[in-house]
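structural data only, the sequence is not supplied:
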C-alpha cells in the first residue's frame, strides 16, 4: 500500500489562477539571489528568481516527454514485417523464399532433435553402410600373418576395407578377358581361399625359421675356431695399405664423442641430516662393540670359515648360541658324503660348487629350449633373435663361474693355511684394543668430565674424541641432546682457555679444536652468543675492578686474546651493532687505553690486540682511534729524544719515564745480524730473550710489526675525509724523530712506503661556520596588489591552456547539470510510479467495498426472507 494522495492546498489553486505579473509582484513567490560584490555597470540576468514557476515548467515538460515515453514503454501500435530479406531490394523473390524455407527448417529441426532420441542417420564408409559392416560377415583369420609382423596384406585390405571389395569390387582395365567370362566367386569361397593362403604362408615362415635355427646352432659350434681367426693379426709387411680416410670435421668428432659419452645414472636419494647422524651413530656403536669384543678376546679364530649348509626348506628360525656341530651334506664322485669332518668338507667344496654350476647350466639350456618351443607356437620373431645368442651368453657365464671357482679355491687355501691364534697374539690383540679410542662417548656433564676425557691424548685424538661426542649426541637422535651439546660449547671454550694458560701453551691443540667450536656455534648460535657474552662481561668487569682498586690494570692474558680471535671467527665483525662483537670492540678499546705498557711482554700483548682490532675493522673500515694512538705510542718508545715536537703522546704512554725507551736499541750494530721472525704468542706471558743482542732483535721485530700495522691502517682509512689530519702526527714522528738510518733495509722500506702514503701537507679546508640565513623582514602594513583580469576564473599562461581550462570548466558544469537533471527525472518517475500504484490500490479498495456492500445487501435480504418463513 502506498501513501495516500496529497491533498492540493488552497495555495496551489490560487497559484494556478494567478497571472505571471501577480506572481512576480508577490514577495513570497520571488527569491532574490544575493551578490558577493557589487560591480558598477554590470547587468545580471538572475538577480531575481521564481522557483515555483521554474518547478512547474519543468514538471509540465517532463509530463509531455518523459512520462509519455514511460507510458509507451514496451508497447507498439503498428506491425513490422520481420521476414528475412523483406527490405532487401537486391535479392530476388526466389532467393528470399529459399532462404526463408531453409531458416524455417533449421528452426524446426533444432527443436525437433531435442526430443527425437530414437531417430538415427545412416552412416557409411566408402559407400558401404556401417551397419552391414558391423554384422561381421567377412571373417578374417586372426592367426594369419604376413611377412611384415602382423600387418594385413594389400589384397586382403583392398578386398575387405577398400569400399565394398570382393564381389562388389570394380575390375581393373588390365585384367584378362577370361576373368570376365568366369563366374564370380561367392563370399564363402573367397574366405576359404584366404584361409588356404594364410596357412601356406605360415608353413613357409616356419621352414625359414627352422633353417635359420640350424644355421645358428652350426655357427655356435664353430665359434671357437672362428674366434682364433679373429684374434690373429696379420704382420705389417703383409698388410695392404688402405686408402687414407678423410679426416672428420670438429662437428663430426663432437657428435661421435657425445654418442659414446657416459649417460647419467640415477643416484641414490639424498639423505637428511637426521638420517646421516643416525647412520653415523650406528656405525660408531658397531665399531665400539667390535672393539670391546677384541678387548675381551672374544673373537672368531677363523674368519674365513665355511658357512654351514642350510637346506632349501630351512626357515632360518633356529637360533642356537652354541657351536654348530651339524654334519655338512656334500657330494663326492656322484654319491652322498655324510662324513662331517671339516677338512673333508673343505676339500669337497670345490666339487660341490662345480656340480651346482653344471646344474645351473643344464637349467639354462632347458630354458633356452623351452624358449624355442614357445617361439614356434607364438611365431614371435623378436624372441627368436634373442634366443639365437643363448650359447654365447652361456659361454660367458661359464667363464665367469670358472673365475669364481678359482677365487673360492684361493680363499679355501688361505683358510687352511691360517693357524689358530696363540695366547701371545690374543694378549697383543687385547692390548691393542685397549689402546684404541672408544667409538662412542657420553656427553660430559661438567668441565671436569671433558677435561678427564681429553687429558693425556694427542691433539689429533682430542679432535677425534670431540667429533665422536658430537656424532653420538646429535640433537636429532634424542630429546636432551641439544642441551648437552650447548653445554659442550661452553666446556670447550673453557678448555681452550686452560690450554692457553698452560706452560708451555698448547696452541697446536687449540688450533685443532677451533673447527669443532665453529661447528657447535653454527648448530646453536643463541647458546654460543650467551657464552661469549658472559666471558667478555666477566673479563671486562674484572678489569674495571682492578682499575678502581689499583688505578691500573694488566693486559689480558693469552686465553682472553684467543677468545677475541674466536669471536672474530664465529660472529660478523662488520655489523654496526652486534650483541657479541660490539662488547669485544669495547673491551679491546679499554685494554688499549687503560693498561700501561711497562715491559716487553705488555708490548707484545698490545701488538696482539692491535692486530685483532685491524682484523675487526678490515671489512667495515670503522675508525678506531685507540688503535692509532697505541701504534704511535709504540713508535715513540723507539725515539731517543725526550721531547716530542709535532705530535703528542696520550695515555697509557708517557712522554718521559722509565718505560718510555723500551724499544730503543742498546746497540745499533744489532740490525746487521737481525733476521725477521714472527713474534710468538707465548711472548705475551714471557719474552725468551735473555742477552742484549736477542732483546735488540726482538725490539726490531716489534718495530717491524708496528710499522706493518701502521701501513695497513693507512690503506684502510685513506678514504676518510680527515685522513690527513689523523696521520699527520704519525708522519711527523716517522720523518723527524725515528732513527731509521740504524734500522735494517726492510724496516727502511716500510718506513718509506708509509711516508709516501701520507701526504706531506694536509689539504686546506674552510672552517666550519653557521649557515647564512636570509633575514626575516618586518611586517608591512601596505596591501599587496595583485592584478586580476578575470575574476572568479582560472587563467592559463598560453592560449591553449586557457582554452583547455575553459572546456574543462564547461565540462564540469555540464556534468553536474546533467547529473542533477537525471536525479530529478528519477524522482519524477518514482512519483509517477507511486501515483499509479496508489490509483490502482484505490480502485481495488473501491471494488472490494462494492462487493462487500452487495454481499451485505444479499445477506440482509436472505435474513429478511428467512424471518418471513418462520412467521
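It's in. Since the model is a prediction, treat every value here as computed from it, not as a measurement.

let me know the pLDDT of residue 720.
pLDDT for residue 720: 91.

I figured it was touching residue 623, is that so?
Yes - in this structure, residue 720 is within contact of residue 623 by C-beta atoms under 8 Å, at 6.6 Å. Heads up, the C-betas are built off the backbone N, CA and C, glycines and all.

so what sits against both of these two?
Contact criterion C-beta atoms under 8 Å, 6 or more residues apart in numbering; residues shared by residue 720 and residue 623: residue 726.

low-confidence ranges in the stretch 51-200 of the chain?
Scanning the stretch 51-200 of the chain for pLDDT under 70 picks out the ranges 109-123, 126-127, 130-183.

right, and residue 738 touches residue 637 too?
No - shown here, residue 738 and residue 637 do not form a contact pair, counting by C-beta under 8 Å, at 10.5 Å.

and residue 49, backbone torsions?
The phi/psi pair for residue 49 (degrees, to the nearest 10) reads phi -120, psi 150.

how close does the residue lying closest to it once chain neighbours are set aside sit to residue 824?
Nearest residue to residue 49 in three dimensions, chain neighbours excluded: residue 31, at 4.4 Å (C-beta to C-beta, 6 or more residues apart in numbering). Distance, residue 31 to residue 824, using C-beta to C-beta, to the nearest Å: 18 Å.

now do the contacts for residue 604.
679, 683, 684, 687, 702.

now do it against residue 566, distance only.
For residue 604 relative to residue 566 (C-beta to C-beta), the value is 20 Å.

again, but for residue 599
26 Å.

neighbour count winner among the two?
A direct count of neighbours by other C-beta atoms under 10 Å for residue 599 and residue 566 places residue 566 higher, at 22 against 13.

what helix or strand is that one located in?
helix 558-570 (DSSP states H and E).

again, but for residue 494
Going by DSSP H and E, residue 494 is part of helix 481-501.

ok, residues contacting the helix or strand that that helix is followed by?
Counting by DSSP H and E, the next helix or strand C-terminal to helix 481-501 is helix 507-523. For helix 507-523, contacts defined as C-beta under 8 Å, 6+ apart pick out 459-460, 462-463, 466-467, 470, 475, 485, 488-489, 492-493, 495-496, 499-500, 528, 562, 566, 569-570, 681-682.

for ChimeraX, what selects the buried ones among these?
Of these, the buried ones go into a single ChimeraX selection, burial set by 16 or more other C-beta atoms under 10 Å:
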select :459,462,463,466,467,470,475,485,488,489,492,493,495,496,499,500,528,562,566,570,681,682
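
and the host helix or strand of residue 452, what does it pack onto?
Element membership for residue 452 (DSSP H and E) is helix 447-454. Contact analysis of helix 447-454 by 3 or more C-beta pairs under 8 Å, 6 or more residues apart in numbering; DSSP states H and E lists helix 459-472, helix 481-501 as its packing neighbours.

return the set of buried residues in that helix.
Neighbour counts over helix 447-454 (16+ other C-beta under 10 Å) mark 447, 450, 453, 454 as buried.

for the helices and strands packed on helix 447-454, give me CSV that also has mean pLDDT and distance to residue 82.
Supplementary listing: the helices and strands packed on helix 447-454 in CSV, determined by pLDDT from 0 to 100; distance: least, C-beta to C-beta, whole Å:
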stretch, mean pLDDT, distance to residue 82
helix 459-472, 89, 92
helix 481-501, 92, 87
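
would CSV of the ones you listed with distance to residue 99 be doable?
As requested, the helices and strands packed on helix 447-454 are exported to CSV (distance: least, C-beta to C-beta, whole Å):
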stretch, distance to residue 99
helix 459-472, 91
helix 481-501, 88
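
for residue 424, which of those is the nearest?
Minimum separation from residue 424 across the helices and strands packed on helix 447-454 (C-beta to C-beta) falls at helix 459-472, 27.1 Å.

which parts of the stretch 1-150 of the chain are helices?
10-17, 20-25, 51-64, 66-71, 93-115, 130-133 (DSSP state H, counting those that start in this stretch).

gap between the two ends of stretch 29-46?
15 Å (C-alpha to C-alpha, to the nearest Å).

again with stretch 492-512
Note: stretch 492-512 ends 12 Å apart using C-alpha to C-alpha.

pull out the buried residues from that stretch.
492-497, 499-500, 505-507, 509-510, 512.

which residues touch residue 712?
Residues in contact with residue 712, defined by C-beta under 8 Å, 6+ apart, are residue 614.

state the distance from it to residue 604.
From residue 712 to residue 604 the distance is 18 Å (C-beta to C-beta).

quick one, grab the pLDDT at the residue nearest to residue 49.
So residue 31 comes in at 84 (pLDDT).

residues contacting it?
Taking C-beta under 8 Å, 6+ apart, we find residue 31 in contact with 48, 49, 50, 51.

tilt between the helix holding residue 494 and helix 459-472?
170 degrees (axes from the mean of the first three to the mean of the last three C-alpha atoms, to 10 degrees).

packing partners for helix 481-501?
helix 447-454, helix 459-472, helix 507-523, helix 525-550, helix 558-570.

strands of this protein, residue ranges please.
With DSSP state E as the criterion, the chain has strands at 31-32, 48-49, 124-125, 128-129, 330-332, 335-337.

which residues touch the residue nearest to residue 672 when sequence neighbours are not counted?
Residue nearest to residue 672 in three dimensions, not counting chain neighbours: residue 744, with 7.8 Å by C-beta to C-beta, 6+ apart. The contact partners of residue 744, taken as C-beta under 8 Å, 6+ apart, are 671, 672, 674, 700.

number of residues surrounding the third one?
Spelled out, it's residue 674. For residue 674, using other C-beta under 10 Å, the count is 20.

the one 10 residues further on now?
A count of nearby residues for residue 684, using other C-beta under 10 Å, gives 26.

so it touches residue 600, yeah?
No - in this structure residue 684 lies outside contact range of residue 600 using C-beta under 8 Å: 10.3 Å.

setting aside sequence neighbours, what's the nearest residue to residue 675?
Nearest residue to residue 675, sequence neighbours excluded (C-beta to C-beta, 6+ apart): residue 697, at 7.8 Å.

and the gap between that neighbour and residue 669?
Taken as C-beta to C-beta, the span from residue 697 to residue 669 is 12 Å.

so the two - more neighbours on which side?
residue 697 (20 against 10).

quick one: contacts for the more buried one?
Residue 697 neighbours (C-beta under 8 Å, 6+ apart): 670, 673, 674, 675, 677, 689.

please indicate which of those residues are buried?
670, 674, 689.
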